[in-house]
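[1] Fold the following, please.
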Amino acid sequence: MSSNTNRRVGAVRPSHLMFTAGVGSLVDLPNFSVLIKGLDSWSYNGITEYDIDEPRLRAAVNRTLQRYGRGQIEQLRAAPWLEGGDSDPKGWAAQGVGVPVTPFPQWLRCTACNVLAAVDSGEFAFVNSNPRTPHEAKFVHDCKRGKPLAVAARFTLVCTAGHLDEFPYTVYVHHGQTCAKSPRPKLRMKDHGGNQAANVTIECVACGQKRNIREAMGERGRRNLPVCRGRHPHLGTYESNGCGQAAVLMVAGASNQWFPLTLSALALPKGQGGDIEKLLDDHWPELQGIASPENYALLAGIPAFGYLKEFDADVLVAAVAARKAGADGAVPSAPEVQADLFGPEWEALSGPVPRPSDDFTLREVTDVPEPLGELFSDVRQVERMREARALIGFTRLDAPDPESPEIASRVDLSRSAQNWVPASEVRGEGIFLRVREDLMAEWVTRMEKSPQMMAHQEAFGRFRNNRKSDRKTSDFDPLYGWAGARYIALHTLSHLLIRTIALECGYNSASLAERIYAGDGPDPRAGILIYTAVPDSEGTLGGLVSLAEGSEFDRIVRRALADAARCSADPLCAERLPHDPADFLHGAACHVCLFVSETTCERGNRFLDRRFLVPITGGKDQVLTPAGLLP
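    Sure, this is the predicted structure:
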C-alpha cells in the first residue's frame, strides 16, 4: 500500500518481507519501484491476532539487540494482513491495513521524451484506478506524445552506514554548481545502450550542460560524488551534520543494496528450551539464584513456585547458568546467537522422544533396515513442527560479518523504540537423521588432513581473502568460519536426499529446507533435519514424514547414493577440486548432481563434495558411507 495515495500497489509473502525485501529495501513493481517503510508506519488497524509466540526466538532477538544498544522487545509480530482483502480490496485499503511503501527512487524518466524529474515536481501523475489490479499502478507523463509511462531513474547513492539517498542529478550535471539559467532546470536522461557498464547522459535543458553517469562510477568516480547526507528514507530521517562517509553509486535493485539480519528457531516442547526462556524473562529476579538441582528442589517445594515442576531441573539449571554467562561476557553477534539456538533443537531432536504437541511431535522409526543402521543411529519422523523467523535489522553494501563489524553497520527498523520486530512462521513436517558418531568420528580423523579436505580448507582461505572488503580494518583471519570436514559430509548427504525426494516423490525442492547440526567437542553433533518450510498445504499433509518408513527410506538413500556416483557432467564434475588459485567452495558438485535452490540450502550451495560419500574417482578410502549402502 502506498502511504501517499492510500492505494494497494502489490502483495508479497511474509517470508519475502523477511529474507528478500524487508524494511528499508527496494521492491520492483511492474512499472516502478517502492521502498518498504519502517515499523513506525506499519498499520494493524482492526487486526487482533498478530503475535507469534516463540519464547526462545524472542529471547535470542533481545540478546542480539543488546549488542546494538537497542531496547528489549516483547512481541514477534506477523506482517499485517486482514482477511477479506482479496474479495474487497477497496474496503481493505480504506482501513489502512498493510505495509506502507513509498516510490523510490523518486526521480522518474518519461519513456517517450526522456524528461527527468522528481515525483513531486508536478511532471507526473499516478494512475491506479482499479483496486483489484494493483499491478497496473503506474506513473505517466502528460507530454506531446500522449501519456506515456514514466519509469524510475535507476541510480541511487548508498554508504556503509546503511544510508540510502537519491542521486543528485541537478548538482551532478552542473559539476557541483547551480544552473546559470534556472533555479529548477528541466533535465533529460538519455540511455544510449551498449554493453559497457552504464551509458546514460544527463542533460540540462535550460543551459545545455551534459554529463555521462559513467563519470560517477568506480573508485575514481567517487570523487565526483557528494559526501553522504546520512539519509534513512525508510525512517524519514537525516543526520543533522551529515554522515561524512563516501557515497557509492548503485543501481536500484542491485543485490548488495540490502542484506537482512535474521534469526530463526524451531518451537520445542516444554523443558527443552520451549518455554524456559520465557520463564526466565518473567521470573528472573527469583530464579537467578538456582545454581544446582538442590536449589531447584528447594524452590519448587514452595507453593508459590509450583510452576517449576513442569521443567526439568538439569535443563533449568543449565539455562540459568547460560543466561548469567551471557550477561557477564561479551554480547554475542547474530550468528553466534543463531548457533546457540541450534543447541536445544539438537537436544530435542536427538534426545528422548517428548510428549506430542501441536508444535512439535517426534516419532522414532524402529524398522530401520540393517545396512541403513550402519549409517544412521537414529531415523525420526517429525510429524509436526513450527519454525519462527524474526528480522532484526539490515545492512547495505556488505553483508554483516561478525569478525569485522566495521565494514557494515546494522540499520534500525524503526525511528522510535518499538517493543516488537517483524516475524513469520511456517508449520510443516520433517525427517531427522543422526549419523552414527563412531562412523563420523573415524572418518573425520582419517580425512581431516587429507589432500582433498586440505584443498577445500585452503580454497576457503582464498575465498575469504579475495572477497575481503577494502573497508575492513580489523585483524583478518582467512579461516574464520571454516565449516570443517564433519559439516561437508553432512551437508552433501542432505543435498543428495533432498534432490532424491524432489525427483522421486514429487516434492518441489524449493519447498524443502535443511538444518545441519555439526559440531565437535564434548557433545559432538552429526545430524540432519530435512523439513518443509513453506506456508502451504504441501508441507503439512504427511507426505515427507511417510518417506522415513524403513523400506521406503532405505530405497531413497540407496538411490541418492547411486545417483551421486555418476553425474552427466563427469569427468569434469568428478575431478573438480578447488586448487590454487581457484576459490570456489565445492568439489565434485554441480547443478546436475548436488546443487539445490537458494531457499533450500542454508549455506548457498557451498561446502559440498560427493567424493566424500561415494567413490567417484576410485578413492574408496575417502567415503563416509558404509560399504553395505554403496552402489
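[2] Which parts of the stretch 101-250 of the chain are strands?
    For the stretch 101-250 of the chain, the strands defined by DSSP state E, counting those that start in this stretch occupy 101-103, 107-110, 115-118, 124-127, 138-141, 149-152, 155-158, 164-166, 187-191, 200-204, 210-212, 231-232, 237-238, 248-251.
[3] and if you look at the stretch 451-600 of the chain?
    Under DSSP E, counting those that start in this stretch, the stretch 451-600 of the chain gives strands at 512-519, 525-532.
[4] In the protein, where is pLDDT below threshold?
    Applying pLDDT under 70 to the chain flags residues 1-6, 83-96, 194-197, 270-275, 277-278, 281-282, 325-333, 402-403, 405-406, 534-542.
[5] helices or strands up against the top helix by length along it?
    Longest helix in the chain by number of residues (criterion: DSSP state H): helix 485-505. Where contact means 3 or more CB pairs under 8 Å, 6 or more residues apart in numbering; DSSP states H and E, helix 485-505 is packed against strand 420-435, helix 437-447, helix 451-466, strand 512-519, strand 525-532, helix 550-564. Bear in mind the C-beta positions are built from the backbone N, C-alpha and C, glycine included.
[6] between these, which one is nearest to Asp621?
    The closest of the helices and strands packed on helix 485-505 to Asp621 is helix 437-447. By CB to CB, the value is 7.6 Å.
[7] Could you list every helix and strand in contact with the closest one?
    Helix 437-447 packs on helix 485-505, going by 3+ CB pairs under 8 Å, 6+ apart.
[8] and the helix it packs on with helix 437-447, angle?
    Put simply, helix 485-505 runs at 120 degrees to helix 437-447, going by axes from the mean of the first three to the mean of the last three CA atoms, to 10 degrees.
[9] Buried ones in helix 485-505, by neighbour count?
    For helix 485-505, the neighbour count (16 or more other CB atoms under 10 Å) marks 485-502 as buried.
[10] now do stretch 45-56
    Applying 16+ other CB under 10 Å to stretch 45-56 flags 52, 54-56 as buried.
[11] Alpha carbons only: can I get it in CSV?
    Output of stretch 45-56 as CSV, limited to C-alpha atoms (Å, rounded to 0.1, in the frame of the first residue of the first chain):
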residue,chain,number,x,y,z
ASN,A,45,-6.0,-1.4,12.3
GLY,A,46,-8.6,-3.9,13.1
ILE,A,47,-6.1,-6.8,13.4
THR,A,48,-6.2,-8.6,16.8
GLU,A,49,-4.2,-11.7,16.1
TYR,A,50,-0.6,-11.0,15.0
ASP,A,51,1.6,-12.2,17.9
ILE,A,52,3.9,-15.1,17.1
ASP,A,53,4.6,-16.8,20.4
GLU,A,54,8.1,-18.3,20.4
PRO,A,55,10.0,-17.6,23.7
ARG,A,56,13.4,-18.9,22.5
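[12] just to revisit the earlier point, can you state the direction angle for the longest helix of the chain and strand 525-532?
    30 degrees.
[13] and helix 485-505 with helix 451-466, angle?
    Using the same axes, to 10 degrees, helix 485-505 lies at 100 degrees relative to helix 451-466.
[14] so what's the nearest residue to Ile616 once chain neighbours are set aside up against?
    Using CB to CB, 6 or more residues apart in numbering and skipping the chain neighbours, the partner closest in space to Ile616 is Ala574 (4.5 Å). Counting by CB atoms under 8 Å, 6 or more residues apart in numbering, Ala574 touches 567, 588, 611, 616-617.
[15] Next, format those as JSON lines and append neighbour count and distance to Leu108.
    JSON lines is the format used below for these (neighbours: other CB atoms under 10 Å; distance: CB to CB, whole Å):
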{"residue": "Cys567", "neighbour count": "20", "distance to Leu108": "49"}
{"residue": "Ala588", "neighbour count": "28", "distance to Leu108": "50"}
{"residue": "Arg611", "neighbour count": "22", "distance to Leu108": "54"}
{"residue": "Ile616", "neighbour count": "24", "distance to Leu108": "55"}
{"residue": "Thr617", "neighbour count": "14", "distance to Leu108": "57"}
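[16] Rebuild these as a markdown table, extending it with distance to Arg462.
    Formatted as a markdown table, the contacts of Ala574 follow (distance: CB to CB, whole Å):
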| residue | distance to Arg462 |
| --- | --- |
| Cys567 | 25 |
| Ala588 | 19 |
| Arg611 | 20 |
| Ile616 | 24 |
| Thr617 | 23 |
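[17] Return the member of these nearest to His135.
    Checking the contacts of Ala574 against His135 with CB to CB, the nearest one is Cys567 at 40.8 Å.
[18] quick one: that closest one from Gly604, how far?
    Distance from Cys567 to Gly604, counting by CB to CB, to the nearest Å: 20 Å.
[19] What distance do you get for the closest residue to Phe612 other than its chain neighbours to Ala510?
    Distances taken as CB to CB, 6+ apart put Ala489 closest to Phe612, at 5.3 Å, once the chain neighbours are dropped. Using CB to CB, we find Ala489 at a distance of 24 Å from Ala510.
[20] try Asn466
    Here Asn466 is placed at a distance of 30 Å from Ala510 (CB to CB).
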